[in-house]
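Engineer: What follows is a predicted structure for the sequence shown.
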Amino acid sequence: MHLTSKTFGGSVMDEDLQTRIDNAYRQIRKIYRKKGVLYSFYTFYRLLTCPIKGIFHLIPEGKNYIDVGCGYGFISLWTALVFPEARVIGMDVVQSRIEFASHMAAAEKIENLTFLAKDITREAIEHSSYEIILLIDLFHHVAFENQLSFLWQCIDKTPKGGYIVFKDIDRKPWWKFRVNYIQDFLFTGEKTYCRDKDEYMEFFQKNGFEAEYFDLKKGYPYSHYLIRARKL
């Protein structure tokens, strides 16, 4: 098993991919602007506080993606626009979020994007329907006692050679962790549950994955990191 740690930034980027990422963001801004000022502000705020453009340089290009815990579809939408030849499924357990995201995708005629109100931990999903599972800023909203069993369900459903892209918030440095904790509590009224990144790396390692860690916190108020794990 091979584990590496990397700091993202400073490397030569794929110019075509960067163009697709930038164009997708401009299109998303237009889409959300139609929904009102608050939605338009959200796209700006999300980009300001989260290295989303950098994340898309770390997501493997594939034919099929599942964005688990997609919420209102922001990352799913961006994935579908960045990878227009791929099939993207946004999945969430909250029906109202899925309805919002579905209406938005249909209005914009984004044909490679589908939203499902399903729980990946309880659904039988064919491996042929996806190659890459996206877990983006989801797990710090999952209670500690459920996190590893939830991740195991995702690992179990990942096909051989497939990827899990796991993006979350680290507990260090302490002040960046606290800034994120306070923001999430103010926005949602709920606690967050940040587990140390090394525990997730070890969990992937013990369950048959080759994993790479990317430090994404530089220049942002929150302690972002990403693990790109490939099933061997």
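Structural biologist: Looks like it came in fine.

Engineer: C-alpha from now on. contacts and neighbour counts both.
Structural biologist: Fine.

Engineer: the strands in the protein, which residues?
Structural biologist: Taking DSSP state E as the test, the strands found in the chain are 3-7, 64-68, 87-92, 113-117, 132-136, 163-169, 209-215, 224-231.

Engineer: now those strands in TSV, with mean neighbour count and mean pLDDT?
Structural biologist: What follows is those, written out as TSV (neighbours: other CA atoms under 10 Å; pLDDT from 0 to 100):
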stretch	mean neighbour count	mean pLDDT
strand 3-7	13	46
strand 64-68	24	96
strand 87-92	25	95
strand 113-117	21	95
strand 132-136	23	97
strand 163-169	24	97
strand 209-215	20	97
strand 224-231	23	97
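
Engineer: How about the nearest residue to residue 167 once chain neighbours are set aside: which residues does it bridge to?
Structural biologist: Spatial nearest neighbour of residue 167, excluding adjacent residues (CA to CA, 6 or more residues apart in numbering): residue 226 at 4.3 Å. Taking DSSP bridges as the rule, residue 226 bridges to residue 167, residue 214.

Engineer: helices or strands up against the longest helix belonging to the chain?
Structural biologist: Assignment by DSSP state H gives helix 15-33 as the longest helix of the chain. Judged by 3 or more CA pairs under 8 Å, 6 or more residues apart in numbering; DSSP states H and E, helix 15-33 is in contact with helix 37-49, helix 52-56, helix 74-82.

Engineer: what bridges to the residue nearest the centre of the chain?
Structural biologist: In the chain, the centroid-proximal residue (CA atoms, centre = their mean) is residue 136; its distance is 2.2 Å. On the basis of DSSP bridges, residue 136 is bridged to residue 167.

Engineer: show me what contacts it?
Structural biologist: Contacts for residue 136 (CA atoms under 8 Å, 6 or more residues apart in numbering) come out as 67, 68, 69, 75, 165, 166, 167, 168.

Engineer: Please render these as CSV that adds distance to residue 38 to the earlier fields.
Structural biologist: Converted to CSV, these look like this (distance: CA to CA, whole Å):
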residue, distance to residue 38
67, 23
68, 24
69, 21
75, 18
165, 29
166, 28
167, 25
168, 24
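
Engineer: Just the closest of those residues to residue 202, please.
Structural biologist: Within these, distances to residue 202 taken as CA to CA reach their minimum at residue 166, with 13.3 Å.

Engineer: Now do the same contact list for the closest one.
Structural biologist: 134, 135, 136, 137, 226, 227, 228, 229.

Engineer: Report the two of those residues separated the most.
Structural biologist: 137 and 229, at 15.8 Å, using CA to CA across the contacts of residue 166.

Engineer: Great, nothing more from me.
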